[in-house]
Structure formats: structure tokens, C-alpha cells
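# What follows is a predicted structure for the sequence shown.
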Amino acid sequence: MNQQLSSNPHCTILIVLLGITVGCSTVKLSDIPKKPLPSAPPILTELRLELPPEGGPRRPVDMSGVSAIPNEAPQIHIVEEDRTALRALAEQDPRVNTQLGERFAYIETEEVHPHQCQVTVEENSSPNSAHLEERPLNQVMALRMTYYSYSHNSAVYVCLQENHLSSVQRDPREGYQPQEGTEEIEQAIRIARNDPRIAQDVQNLFGHAILTSPEEYRYFWVSDEAGFGNRVLWVTFSDMPESLALYFARVDLTKGQVLDAGKEPGPQ
């Protein structure tokens, strides 16, 4: 019997709760030959980028085996280690320090065309609109860092080209507010968590924060209301990252204070 079973590749030994049954299966699994899996997964090689000293977009540190792409290169995100070096280079410049003031927050870094470094407001335009020129061809890209100055209550743009400061500008649009940055979110949550009205209840909860722009919601604000025109973030705390908010706080980062805080209304 053993010889008969071994000669049939489809024979299966079935172990039943009350005994052992020997039989052959008629189901054919596949005609595709099976190959053994590799003993270890393949090793991935990191492609590191650098800013060339002569200017231009970032390129691989090791150029061997890299071929040129005839079409326009896609937008490349700045890696974290680049942000640290770029910030240090920008923030040590006296012109940047003057525009930022003593209190400010970093928001983001982008690769843009040089004409996008300067914001020009057209006459009779809305506060959030800005004039952009036609994009020139074959132009050396710039790195634009966006900050928010709490000292001047305004966005500030710092541009670098070929590792040199090319421009620094305070946003001329009255009431304009860029998106909230990671530093601001962390700062707003930290300030809200220490507010005595909710401090004892939110220490072990998850914090979230989003920008509340008076310019976009001016019909819900009163011009003399606390926080109007400032950098205000709405902070919530919940049991889980995606669960309903249990507590809230409105944090004015311009003044570094909590405007109001408490328990969220409704079912908890």
C-alpha cells in the first residue's frame, strides 16, 4: 500500500477524529511547476539625492547607471535632512530674522520656479489670490520655505537658489493664512493640553489640530472677538485617532494662549 500511495502524487492521508482513513484525492491542483521561495527577501538600495553646487534640481549622489529622462522631471519632495540644513542656512540670515521676528513657526519647503518666490497681489483681488507669471522654460529651480511669523502675524517666504538666499518676503495679502504646519499642530496641542479647564481630562487622549481661518469664516466671527485675524487652531482630543472628539480648545498661536476650552457637546 505504501508503494501504491507514493507513486500517486494526488494521494492524501486523511486523519479523522475517530480513526485514520487512507484515500486518494481526484482534485488536480495545478500544472504550473512550483519553485522554492528565496531564503531571504531582496535587498533594496536607497537612492540618495543631493543639491549640485552649480545649481539645478537635485540629482543622485551616485550617477552610475542613471539615464537621463527626455521629458520634464517630476516635482521632487525635500527630504527631512535637507529641511534641517536649509532652515539653518536661512534662519541665520539677518534679513530673514527681521521678517520672522522673535516668534515664528516653520511650515513647509517646496521646489518652485523662481517667479513663484514673490507674491504679487492684483488690484481688486480677493485676499487669497495672487498673480503668477508664465513659467519660463529651462529655468533653475528655487527652494521656497514657508514660515508663519507670530511676531508680525503674517506668512513669510524664504527662497534659496544654488544654496544662497535669493529673496525673503512677508506675504502682502491681508488676512491670508497658509495651511497649518506640523510644528504648529504640535505646539497648539501642547498649549491646549496644559489649559486648566481640560488638563486633568486630556493627558492620555489623542490630540488633533486644524487651522481656523477668520478670513474664510468671517461671517462666523465678530471683528472685535478674541482671536479675530490671528493664527488660531482648533484642537480636539479623543480616545482613539479616528473616534469622536471628547474635548476641544481654540488656541491663538499669535498670542500663545487658549481662547476657550471645554467638553464637546453631544453624546460622549
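Good, I have the coordinates.

# Can you check the distance spanned by stretch 92-108, start to finish?
This stretch, stretch 92-108, spans 18 Å end to end (CA to CA, to the nearest Å).

# With stretch 226-235 instead?
16 Å.

# Could you name the helices and strands sitting against the stretch of helix or strand residue 246 belongs to?
In this assignment (DSSP states H and E), residue 246 forms part of strand 245-252. Counting contacts by 3 or more CB pairs under 8 Å, 6 or more residues apart in numbering; DSSP states H and E, strand 245-252 packs against helix 182-193, helix 199-202, strand 206-212, strand 232-238, strand 257-263. All C-beta spots, glycine's among them, are computed from the backbone N, C-alpha and C.

# what angle sits between it and strand 232-238?
Interaxial angle, strand 245-252 versus strand 232-238 (axes from the mean of the first three to the mean of the last three CA atoms, to 10 degrees): 160 degrees.

# what's the angle from strand 245-252 to strand 257-263?
Going by the same axes, to 10 degrees, strand 245-252 makes 170 degrees with strand 257-263.

# the inter-axis angle of strand 245-252 versus strand 206-212?
Using the same axes, to 10 degrees: strand 245-252 against strand 206-212 is 40 degrees.

# Strand partners (parallel or antiparallel) of strand 245-252?
Strand pairing for strand 245-252, using DSSP bridges, gives strand 232-238 (antiparallel), strand 257-263 (antiparallel).

# mind putting the helices and strands packed on strand 245-252 in CSV, mean neighbour count, mean pLDDT and distance to residue 107 included?
Listed next are the helices and strands packed on strand 245-252 as CSV, based on neighbours: other CB atoms under 10 Å; pLDDT from 0 to 100; distance: least, CB to CB, whole Å:
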stretch, mean neighbour count, mean pLDDT, distance to residue 107
helix 182-193, 18, 96, 7
helix 199-202, 14, 96, 25
strand 206-212, 18, 93, 11
strand 232-238, 21, 95, 13
strand 257-263, 16, 93, 21
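
# Which among the ones you listed is found nearest to residue 121?
Closest to residue 121 of the helices and strands packed on strand 245-252, according to CB to CB: strand 206-212, at 20.9 Å.

# still on that earlier bit, out of the helices and strands packed on strand 245-252, which comes closest to residue 146?
Of all the helices and strands packed on strand 245-252, it is helix 182-193 that lies closest to residue 146, at 11.4 Å by CB to CB.

# how many degrees apart are the closest one and strand 232-238 in direction?
Using the same axes, to 10 degrees: helix 182-193 against strand 232-238 is 60 degrees.

# Which elements pack onto helix 182-193?
By 3+ CB pairs under 8 Å, 6+ apart, helix 182-193 packs against strand 104-112, helix 199-202, strand 206-212, strand 232-238, strand 245-252, strand 257-263.

# Arrange the ones you listed in TSV, one row each, with distance to residue 154 as further columns.
Conversion of the helices and strands packed on helix 182-193 to TSV gives the following (distance: least, CB to CB, whole Å):
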stretch	distance to residue 154
strand 104-112	10
helix 199-202	31
strand 206-212	15
strand 232-238	15
strand 245-252	15
strand 257-263	19
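
# Residue 176 is nearest to which of the ones you listed?
Of the helices and strands packed on helix 182-193, nearest to residue 176 by CB to CB is strand 206-212, at 11.8 Å.

# List the contacts of that closest one.
177, 179-180, 184-185, 188-189, 192-193, 231-241, 245, 250-251 (CB atoms under 8 Å, 6 or more residues apart in numbering).
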